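[1] Have a look at this prediction, sequence included:
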Amino acid sequence: MIENWFLLGLFTGLGLFFLGIEAALSHTNRLYFELLETKGKLSGKILSQFSRKPAVVSGILWGAAVFCLLLSAYMIFVLMDVALLGDYLLFGLLVFLLLLCLVLISRGLFLSFPQWVLRTLAIPLWILYQIFYPVVYVLVFVPYLLLKKIVLPPSVSEKNPFRFAGLGFYFQYENQENEWEEVQTDSDIDNKIFANALAFKNIRVKECMIPRTEITAVNFSENVQNFIRTAIESGHSKILVYRETLDEVIGYCHMVELFRRPKTLSEIITPIITVPETALVNDVLERFNVERKSIALVIDEFGGTAGLITREDILESIFGEIQDEYDQSEDWTEKQLDDRNYLFSGRQEIYYLNEKYGFNLPEGDYETLGGLLMASHGTFPQTGTKITLADCDFEVIATRNARLETIKLTRHIPE
C-alpha cells in the first residue's frame, strides 16, 4: 500500500510539475530570461538556454502527457486491485476528473507567479531535462530535424523571438525592480518616457483632449473689444469662434492677429482642423506637422464638439505634464489633509491618483476624478453631494459651470 501511494504521489507531482512549467513558460516574455542572465543569475542562464530551443517546450508537453498517462493507468490498476469500484465507467470518470483537477491546479498555481516559479524551479527543470534527454531527443528532436530538413522549404527560417513588444516588457520589468526606491532617479524618468513612447501609437484623442466644458470660446457676433477681454481673462492666445452654439465652431482667432487692427472678428478668423475623438494622436501630430497647425477641434460621433486638442496635450502623453497657456489658469487642487482625507480637483486623472496614493479607483470611459463621480452618480452631482465608491467616501465641495472644481476624498481604513 505504501508503494502505491508513493507512485501515485510521484506521478501526480511530476505531471503537476510539467503542466505548470509549460503554462509558466508560455506566459513569460523571453526577454525576461535574457535580463536574468545579464544579472548573473544561474536560473536566468538555464532558462535563456531553454528559450533558444523551441523543441524544449514540446519535450515538456511530452513529459506532462506521459506522466498523466502513467497516473491514469496506475489509478485504474490500484482501484481495480483493491476492488473499490466495479464499474469501468466510474473508473474513467474518476480518472478524468483527477486529470482535470490536475490541469486546473497546475495552471492556477503556476500562472499566479510565473516568473517566481521559473526562477525557483529552473534547476530542478534542468536536472529532469538531463535525465530524460535521450527520450526527449528521440520523441522531439529527431522528428523536428526531419521536418526541418525534408518538409520545410529552405527559405523558411526561424524568426527572432525578440519582437518589438519586448521593449515594453523591458521597461515594465525595470520599473518593477526599482519600485522599492523612494527617490526617483534620472534612469527611472527615462524608462517612463520610453515606455510612454512605445504606447504612444495606441493613444486616442479622447484620452488627452481638453473637454468641451473647459473650452473658452466667443460668439461670431462679438466685437473685437469683447474678444480681447475674453482672451485676457482666460490667458489663452487662441480663442475658438462659433456661430450659434459651440457645436458650430467656424475657426479660431489668434491674439497676434490683433496687430492688424481688425474691425470685426471675421477679418482674423483662422480655419481650424477637425479630428474625431477616436483618432490616434500619432496621426493628429503628423497632421499638425504637415499643415503647420498646433490646435484642432475634436468632434464626437454625432458631429458635435467634444473637446479641443493641442500639440502640447499630445506631447504630454509622452513626457508628462507640460505647463502651457491652457494649464496656467487651472486650479488643480491636490492636498492631503491627514492620513484619511484629501482634497482634489475634479480634473485630477484617475491613473495618477491610483499610482501616487495607492487608491483603487475604477477606470472606464472617463479619465478624471470628476468623470468617475458623474459616471457613478448618473447625473451631475451638485455641491454637497456625497458618494461612496471603491472603499472611499467622496463629497463635492465646489462646482462651477457644469464642472466639479473641488472634491473631498475620505479613505476607508479597515478595522
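    On my side now, so go ahead. Numbers count the residues shown, from 1 in each chain.

[2] contacts and neighbour counts: CA atoms only from here.
    Will do.

[3] Please report how far I131 lies from V241.
    78 Å (CA to CA, to the nearest Å).

[4] between those two, which one's more packed in?
    Using other CA atoms under 10 Å, the more surrounded residue of I131 and V241 is V241, with 28 against 11.

[5] Just the element for that one, please.
    When elements are assigned from DSSP states H and E, V241 belongs to strand 238-242.

[6] what are the phi and psi angles of the closest residue to T310 other than its chain neighbours?
    Nearest non-adjacent residue to T310, counting by CA to CA, 6 or more residues apart in numbering: I295, 4.4 Å away. Phi and psi for I295, reported as degrees, to the nearest 10, are phi -150, psi 140.

[7] wait, what's in contact with I295?
    Contact analysis of I295 by CA atoms under 8 Å, 6 or more residues apart in numbering lists I272, I273, F288, L308, I309, T310, R311.

[8] what residues are up against the fifth one?
    What it means is I309. V205, C208, M209, I210, I295, A296, L297, V298.

[9] On the three-state scheme, it is what?
    strand (DSSP: H, G, I helix; E, B strand; the rest coil).

[10] tell me, how many neighbours does the closest residue to it other than its chain neighbours end up with?
    Excluding its sequence neighbours, the residue lying closest to I309 (CA to CA, 6+ apart) is M209, at 4.7 Å. Residues near M209, counting by other CA under 10 Å, number 20.

[11] Please apply the same query to the one 10 residues further on.
    Neighbours of N219 under the rule other CA under 10 Å: 19.

[12] Quick one, grab the pLDDT at it.
    Per-residue pLDDT puts N219 at 92.

[13] Surely it touches V241?
    Yes. Between N219 and V241 there is a contact under CA atoms under 8 Å: 5.7 Å.

[14] give the contact list for the residue nearest to I309.
    So M209 contacts V298, G307, L308, I309, T310, D313 (CA under 8 Å, 6+ apart).

[15] ok, and the closest non-adjacent residue to E405?
    Nearest non-adjacent residue to E405 (CA to CA, 6+ apart): T399, at 4.9 Å.

[16] List the beta-bridge partners for that neighbour.
    Taking DSSP bridges, one finds L404 as the beta-bridge partners of T399.

[17] Would you check how far apart it and I407 are?
    Look at T399 and I407: by CA to CA, they are 9 Å apart.

[18] thinking again about what came up before, could you dump the contacts of I295 into a markdown table and include pLDDT?
    Converted to a markdown table, the contacts of I295 look like this (pLDDT from 0 to 100):
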| residue | pLDDT |
| --- | --- |
| I272 | 93 |
| I273 | 92 |
| F288 | 91 |
| L308 | 93 |
| I309 | 92 |
| T310 | 89 |
| R311 | 87 |
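
[19] Highest neighbour count among those residues?
    Going by other CA under 10 Å, L308 tops the contacts of I295 with 25 neighbours.

[20] residues touching that residue, list them.
    Going by CA under 8 Å, 6+ apart, L308 touches M209, I210, P211, R212, I215, I295, A296, L297, V298.

[21] And T383, by the same measure?
    E395, V396, I397, A398, T399.

[22] change it to 10 Å
    E395, V396, I397, A398, T399, R400, L404, E405, T406, I407 (CA atoms under 10 Å, 6 or more residues apart in numbering).

[23] quick one: the last one and A398 touch, right?
    This points to I407. Yes. At 7.1 Å, I407 counts as touching A398 under the criterion of CA atoms under 10 Å.
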